[in-house]
Structure formats: C-alpha cells, structure tokens
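1. Just to be clear, the model below is a prediction. Sequence and coordinates:
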Amino acid sequence: MKVVLQRVKQASVEVAGQVAGKISRGILLFIGIERGDGKEDVEFLARKSVEMRIFPDREGKMNLSLTDINGEVLAVSQFTLAASTKKGRRPSFDSAEEPGRAEERFKEFVAWIRAKGFKVETGVFQAIMDVHLVNEGPVTFILESRKSSFQEVAG
C-alpha cells in the first residue's frame, strides 16, 4: 500500500464538475492499494498519515501533527500509485489490487481515520477526478506499508 501525503492549506476534488470533497488546512492523501494489502497495511498507513509531525510549531519546525492543528483530511483513491515503471515506457498495473477489494480497503482506511475523530472528505472511487490543492510548503511525503517497504529492501 502506498500513500502520497501532501500538507495543504486547502484541497478539493471534483467529479463531473461537482465538488465531491473539500477541506481547509490539513492533509491530502492519494492512496494506492496493492494486491495482498490487508487491514494491517490500512491501519499502519492511516495511523502514520495522521500522526506524522509535519506541521510547523511556533519556531517553524515540523513538530505538530494533524491532531495538534485540528486539521482535516481529503482522501483520494489512486490506483496508479501501484504502477511499475521499471520496464519500457508504458506503466504496468499488475500489482494494483482488483477494484472491489481496493475499494473495500480504501473505505477501511477512511473509516479508521474518521473513528479517530478527524473530518475526512473523499473523492469518488474509480471516477475521473479533478483535484485542486494549495500545497503548504510545499511538503509532500511518500509512505509505504511495512509490507511494501520490506519487499523493496528484501527484493
């Protein structure tokens, strides 16, 4: 499982010209579900996403988490994060989870964060979406579940 996390001043996602989700200050999460991702991957990355200390304190150091700033979350499913670009010029999506299971994991991810008391907005699963954001910093991180990180180190 992979997540691209961006610290934002604001973000929104539109589907067919209609706003599907909109947040003020917080994090925008692009979430890629890979074959075999389970609940442990979901919980690990959901927890890491909201607990990372990526917001500036009074001295401007990244010491505050989403909780500390009372931030919001915009979660957008993005299967292209599971792509392999190692060979040729056309990405391979062989490691992407099939849509039904991916949607289930995405919903679990969102539910986990909501259960912690955060406002979470989302895009529309499998829709063509326009994502608008004001990246604060810019600050962007790529997070991977323990399984994905282990495979990269071991493989």
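-> Ah, there it is.
2. which residues touch the most centrally placed residue in the chain?
-> With distances taken as CA atoms, centre = their mean, L29 lies nearest the centre of the chain, 2.7 Å away. Residues near L29 by CB atoms under 8 Å, 6 or more residues apart in numbering: V3, V4, L5, Q6, S49, V73, L74, A75, V76. Heads up, the C-betas are built off the backbone N, CA and C, glycines and all.
3. 6 Å instead?
-> Taking CB atoms under 6 Å, 6 or more residues apart in numbering, we find L29 in contact with V3, L5, S49, A75.
4. Assumed the first one was part of a strand.
-> Yes. Going by DSSP: H, G, I helix; E, B strand; the rest coil, the assignment for V3 places it inside a strand.
5. Can you give me the buried ones in the strand or helix carrying the residue nearest to the centre of the chain?
-> Per DSSP states H and E, L29 falls inside strand 26-32. Neighbour-count burial for strand 26-32 flags G26, I27, L28, L29, F30, I31, G32 (criterion: 16 or more other CB atoms under 10 Å).
6. Just want the angle from the next helix-or-strand element following it to strand 26-32.
-> Going down the chain from strand 26-32, the next helix or strand is helix 39-51, by DSSP H and E. Compare the direction of helix 39-51 with that of strand 26-32 by axes from the mean of the first three to the mean of the last three CA atoms, to 10 degrees and you get 160 degrees.
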